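J.: Based on what follows, work out the 3D shape:
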Amino acid sequence: MRLVWVAAVACAIAVPSAGLAQRAPDLRKPSAKEWLTIGGDWGNTRYSTLAQINRNNVKTLKGAWVVHLGSGLGAKYSLEGTPIVKDGVMYFATGNDDVFALDARTGALIWEHRSHIEQNINTVCCGWDNRGVAVADGKVFLGQLDGSFVALDAKTGQPAWKTQVARWQDGYTITAAPLYHNGVLYSGISGGDRSARGFVFALDAKTGQEKWRFWTVPAPGEFGSDTWPKPDDPDPKRANAWKVGGAAVWQTPAIDPDLGLIYFSTGNPGPEAGGMGRDRPGDNLFSAAIVAVTLAGKYAWHFQQVHHDLWDFDCPSPVVLFDQVYEGKLRKGIAEACKTGWIYILDRTDGKPLIGIDEKPVEVDERVASSPTQPIPRGDAVMPQCPQTLEPWVTKCIFGVIYDQPILMSPGGNGGTNWAPMAYSPRTGYFYVTAADRPQSRILRGLGKTVGPPIGAKYGGTLTAVDSRTNKIAWQKRTPYSIGQGSGALATAGDLVFHGEPDGQFQAYDARNGELLWQWQTGAGADAPAITYEIDGTQYVAIAVGGVSIQTTSANSDMIWVFSLKGSPGDRLKPFAAPQPPENVVGFSGPVARTSEIKIDDYTYAPLRITVAAGTTVKFTNNGAQPHNATSADGGGFDTGLLSKGETATVTFNRPGSYTYICTPHPSMIGQIIVTGQAVAEAPPTVVGPAGQQPQAHGAH
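T.: Model prediction:
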């Protein structure tokens, strides 16, 4: 047994009976004593009616138990899953698709299932993760990173059936938690960043047989296909664009059984949204959109949030269903927070805005076939939509066109609300949403030009309560880390909002005014969504703690923490030591190459970071079309002079230290040389010399 039990618990453990035959729960209602589906209910509201823990007593909340799962440890893994609690058992899947059943009272292991998935899967976007499982009909269901879908016996963890939905070799993976309803499993396929064509699918829960598949990029002749290039376009890239059109489905759908509709949102258009729009002119439906289909998988309606996405501004967080009064009438709503920084609020019966969304002109560039307008919601954005000033960068705000010059832009591709789920409280009428303020350096890919990181730019985040009646901010808290790709929010009838931070702090806020009421250091990145449940009259709050490997790069681990007002026996469980927090100022990161040769490209150095021993001569070669140089930015005292294409120059580094350098005409280009060892005796720190072509004299530009 690999699971490590940290909290002290009673020696005699009454293992609950898993998978008992019961009447199917009505998940149109908010979560109560059990947490039966990823979003808490079929509407993904992440709201619980439990109120034993409330804003008056949450300050006494203590650790009840914590376990190490022994799975998902390592730099490639993220722990992003939401636990399910049913019949006293907690079910959880790690980033390696390993599944655990735990006693939800104590954390004791009931069973574990190891996936044994291939470890050479190279089509996974954004780290190895699994957002969670579905539990129903005596089985545990999950999608896997290899494109398969698995059912396990809920009592034993033994496999019941397995269906290969798609192949990872073709760019397809499954990271979303499935949705179960009335004997059917609904889920989506990931892979829009890997030249795949997205789809959602339905499986028979008894057999695993596929019932239907809805392609999120229409084939020629289907509704929406006129928003893609025609299949007889003389340019083969354009003619075949729909085949690699992206529009992946990264999150668990929502369902309204009364309307007979399933709701989900789609990812960016493919093969990528990094400005490559010239190969796919048109709006590119159904990418970057909320889509509703019937229980039979037939199109019902859509609302596109970003036309012809050039920025990776899709909305991968779960859609949320809610009811609210507008103009004196109770309406059925659907809302989603997006990377753009807005919440899009629609009528879920037909997809029409409940609060105005206006088509407004934006920057246009025919070279990327950009859309002349974008839908702009009325109300407040939850994060800045223009970047901070950072010399010497040229900055652009949201929907600015990316092309052949380096720009600093906000939101970035990981800005706004990424996959972090928002919550909705019917008590306050507020959405609780987390977002990232994460400016990004950008240039159009495919032009032979690249751009380095915006050294010195600051990252941050926001936790915001937005009034569903107006789409206006009710309260907002600035956070030190970008949190649009993490824990999101859990709301309760105790008027609390729970949220985990990348620095390991698990927090409770007053749902009405945003006051921080409690926090607990978990010891690793607290970046998974929290849940709450009740057993034997005790309310618990739980969160998986293991970090996010790519976006926030928070501390990795393999823990599940559970809290209650009673705490652990003798209050023996205390907060853990704080982990190394993620960087919130952009600095040099990534591998340090052992080489003495640096290539200069338009507009970056490659490698960006190198290390050499003192006394080494480093050779700079300009491969770019424009003149560039390398000149010290930190008093290192060297300058290669401007080098034209093909020219080279050398710098000898005689003293140990870290040397930062830039290009004078293009100062957003920044590189780093780390010199180790002993200084060369009686030698100057650096010496500039020619290699091939004679460089210009120091300072002559």
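J.: going forward, measure contacts and count neighbours with C-alpha atoms only.
T.: Fine.
J.: Assumed V651 was part of a strand.
T.: Yes - under DSSP: H, G, I helix; E, B strand; the rest coil, V651 sits within a strand.
J.: out of everything not next to it in sequence, what's closest to it?
T.: In space, and not counting its chain neighbours, V651 is closest to V688: 4.5 Å by Cα to Cα, 6 or more residues apart in numbering.
J.: Quick check: the one you found vs A613, distance?
T.: 17 Å (Cα to Cα, to the nearest Å).
J.: From T650, how far out is T664?
T.: 17 Å.
J.: my bad, should have said Q251
T.: From Q251 to T650 the distance is 51 Å (Cα to Cα).
J.: Which one's more surrounded, the two?
T.: Neighbour tally, Q251 and T650, criterion other Cα atoms under 10 Å: the higher count belongs to Q251, 29 against 23.
J.: ok, now which ones touch the more buried one?
T.: T175, A176, A177, S187, G188, F264, S265, P316, S317, P318, W419 (Cα atoms under 8 Å, 6 or more residues apart in numbering).
J.: Nearest residue to the second one in space, ignoring adjacent ones along the chain?
T.: Which is A176. Per Cα to Cα, 6+ apart, closest to A176 is Q251, 4.8 Å.
J.: just the fifth one next, same as before
T.: With Cα to Cα, 6+ apart as the criterion, G188 has its nearest non-adjacent residue at 4.1 Å, and that residue is V200.
J.: Secondary structure element holding L408?
T.: strand 407-409 (DSSP states H and E).
J.: What is the end-to-end distance of stretch 455-462?
T.: So stretch 455-462: terminal residues 22 Å apart, Cα to Cα.
J.: again with stretch 145-162
T.: End-to-end distance (Cα to Cα), stretch 145-162: 13 Å.
J.: So which bits of it are buried?
T.: Residues 145-155, 157, 160-162 are the ones in stretch 145-162 that count as buried (16 or more other Cα atoms under 10 Å).
J.: Out of those, list just those in strands.
T.: Counting by DSSP state E, those place S148, F149, V150, A151, L152, D153, A160, W161, K162 in strands.
J.: what's the most distant pair in those?
T.: With Cα to Cα as the measure, no two of those lie farther apart than S148 and D153, at 16.8 Å.
J.: hang on, the residue nearest to V651 in a helix?
T.: No - the assignment for V688 (three-state DSSP) gives strand, which keeps it out of a helix.
J.: from the chain's centre, how far out does the next helix or strand after the strand holding L408 sit?
T.: Remark: after strand 407-409, the chain's next helix or strand is strand 423-425, criterion DSSP H and E. With Cα atoms, centre = their mean, to the nearest Å as the basis, strand 423-425 stands 20 Å off its chain's centre.
J.: partner residues bridging I290?
T.: Bridge pairing for I290 (DSSP bridges) gives the partners S265, F303.
J.: For it, give its distance to T492.
T.: 26 Å.
J.: quick one, which of the two is more surrounded?
T.: Neighbour comparison, I290 and T492: the larger count goes to T492, with 28 against 24 (by other Cα under 10 Å).
J.: beta partners for that one?
T.: S48, L496.
J.: Wait, it touches T45, no?
T.: No - T492 is not in contact with T45 according to Cα atoms under 8 Å; the separation is 10.4 Å.
J.: and R469, what is it in contact with?
T.: By Cα under 8 Å, 6+ apart, the neighbours of R469 are Q324, V325, Y326, G429.
J.: Okay, and which of those residues map to strands?
T.: Q324, V325, Y326.
J.: Top of those residues by number of neighbours, please.
T.: Result: Q324 is most packed of the ones in strands among the contacts of R469 (other Cα under 10 Å), 16 neighbours.
J.: That residue contacts K332, correct?
T.: Yes - Q324 is within contact range of K332, at 6.8 Å (criterion: Cα under 8 Å).
J.: Tell me where this protein is predicted with low confidence.
T.: 1-23, 192, 272-275, 691-701 (pLDDT under 70).
J.: quick revisit: output the ones in strands among the buried residues of stretch 145-162 as CSV; include the columns distance to V66.
T.: Listed next are those as CSV, based on distance: Cα to Cα, whole Å:
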residue, distance to V66
S148, 30
F149, 29
V150, 27
A151, 27
L152, 25
D153, 25
A160, 29
W161, 31
K162, 31
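J.: which one among these gets closest to V89?
T.: Distances from V89 to these, taken by Cα to Cα, are shortest for D153, at 13.2 Å.
J.: What is the burial count for the closest residue to that closest one other than its chain neighbours?
T.: Excluding the flanking residues, the one nearest D153 by Cα to Cα, 6+ apart is K139, at 4.7 Å. Residues contacting K139 under the criterion other Cα under 10 Å number 22.
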